[in-house]
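Chemist: would you be able to build a 3D model of this:
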Amino acid sequence: MVAVPNTVTRMSHALTIRVGSRIVGAVHSFAPSMSRTVDTEFEVERGSHGMPVDLVPQAVENRELRVDRYDTYPEIMEEVFGTSELAVLADQYQPFTIREMWRGPPKSPFPAVGSGLAGVASLAGSLGLSGAQRAINQTQYELGNATAAAASSSAGAGAAFTVLGTLTADTRVYVYTGCWFSNIGRTIDAKNDRVVSVAATLIYLDRFRVL
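Modeler: The predicted structure follows:
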């Protein structure tokens with residue numbers, strides 16, 4: 001594992017991608033995003049000038065993960081994520097869970113925090129998450145793992161996109177549940193480096209922090 005440079009600026013070195021215990025590698029872009037509409041309310045009354053008086057946020061509607069990766073042998077992009085080959089997008093019949101973990105420079109590493117959810121609770125407490133939020137996140141985390149384990153025997157199910165690293169004072173773990181491929185395409189170029197590059201867009205149901 002590449003050491004995280006001791007810098008103030010966050011760098012991609014802090015991110016290591018794994019499926020289960022295996023490093024995926026070959027991912028050269030990972031871009032989560034979400035958006036929502038914020039409506040402007042204007043004054044409506046006699047003698048007013050129709051000036052804006054409030055901003056009202058609406059529901060979060062767009063939750064995406066854009067992933068760019070080089071195809072490798074023997075498994076292609078979608079198979080690395082635990083689905084079958086997607087000759088058409090409809091071939092994915094089960095969602096999967098993604099886990100993303102960031103680690104900062106090893107300035108103040110934590111000691112071992114135990115195993116399982118007890119360790120999760122201990123480290124989450126040191127990072128200042130409230131007791132109620134820890135309880136909610138732990139439950140979601142446990143359900144996600146149980147669902148993945150139960151579905152792992154079926155093609156296209158139970159894939160976990162796990163980002164792991166040494167636990168430090170700036171360790172952050174996020175979970176994306178209910179992930180589906182909404183777009184996938186390959187670029188094959190015989191004139192430049194000849195590497196087959198895959199661009200995919202994933203839609204996820206929910207995102208929450210567990211550590």
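Chemist: would you check that residue 38 makes contact with residue 59?
Modeler: No - judged on C-beta atoms under 8 Å, residue 38 makes no contact with residue 59 at a distance of 11.1 Å. Every C-beta, even on glycine, is put in place using the N, C-alpha and C of the backbone.
Chemist: higher neighbour count, the two?
Modeler: Neighbours were counted for residue 38 and for residue 59 using other C-beta atoms under 10 Å; residue 38 has more, 9 against 6.
Chemist: show me the contacts for that one.
Modeler: 55-58 (C-beta atoms under 8 Å, 6 or more residues apart in numbering).
Chemist: now the residues you listed as CSV including pLDDT?
Modeler: Listed next are those as CSV, based on pLDDT from 0 to 100:
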residue, pLDDT
55, 96
56, 97
57, 96
58, 96
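Chemist: these: which two are farthest apart?
Modeler: 55 and 58 (10.5 Å; C-beta to C-beta).
Chemist: quick check: neighbours shared by those two?
Modeler: When contacts are counted by C-beta under 8 Å, 6+ apart, residue 55 and residue 58 are jointly contacted by 38-39.
Chemist: so what's residue 189 scoring on pLDDT?
Modeler: The model reports residue 189 with a pLDDT of 89.
Chemist: what about it, how many neighbours?
Modeler: Counted with other C-beta under 10 Å, residues neighbouring residue 189 total 10.
Chemist: what does it show for phi and psi?
Modeler: Per-residue torsions, residue 189: phi -130, psi 120 (degrees, to the nearest 10).
Chemist: for the one 4 residues further on, same thing?
Modeler: According to degrees, to the nearest 10, the main-chain angles of residue 193 amount to phi -80, psi -10.
Chemist: how close does it get to residue 211?
Modeler: Using C-beta to C-beta, to the nearest Å, residue 193 is found at 38 Å from residue 211.
Chemist: what sits against residue 92?
Modeler: Counting by C-beta under 8 Å, 6+ apart, residue 92 makes contact with 78, 83-84, 86, 156, 180-181.
Chemist: do residue 187 as well
Modeler: Applying C-beta under 8 Å, 6+ apart, the residues contacting residue 187 are 196-199.
Chemist: among those, which are in strands?
Modeler: Secondary structure from DSSP state E places 197-199 of those in strands.
Chemist: of those, closest to residue 48?
Modeler: residue 199 (49.3 Å).
Chemist: which helix or strand contains residue 60?
Modeler: strand 52-70 (DSSP states H and E).
Chemist: residues near residue 86, how many?
Modeler: With other C-beta under 10 Å as criterion, residue 86 counts 18.
Chemist: and the nearest residue to it once chain neighbours are set aside, how many neighbours?
Modeler: Distance criterion C-beta to C-beta, 6 or more residues apart in numbering; nearest residue to residue 86, sequence neighbours excluded, is residue 78 at 4.7 Å. Residue 78 has 21 neighbours, counted by other C-beta under 10 Å.
Chemist: look at residue 78 and report its pLDDT.
Modeler: The model's pLDDT for residue 78 equals 87.
Chemist: assign it to helix, strand or coil.
Modeler: Three-state secondary structure (criterion: DSSP: H, G, I helix; E, B strand; the rest coil) places residue 78 in helix.
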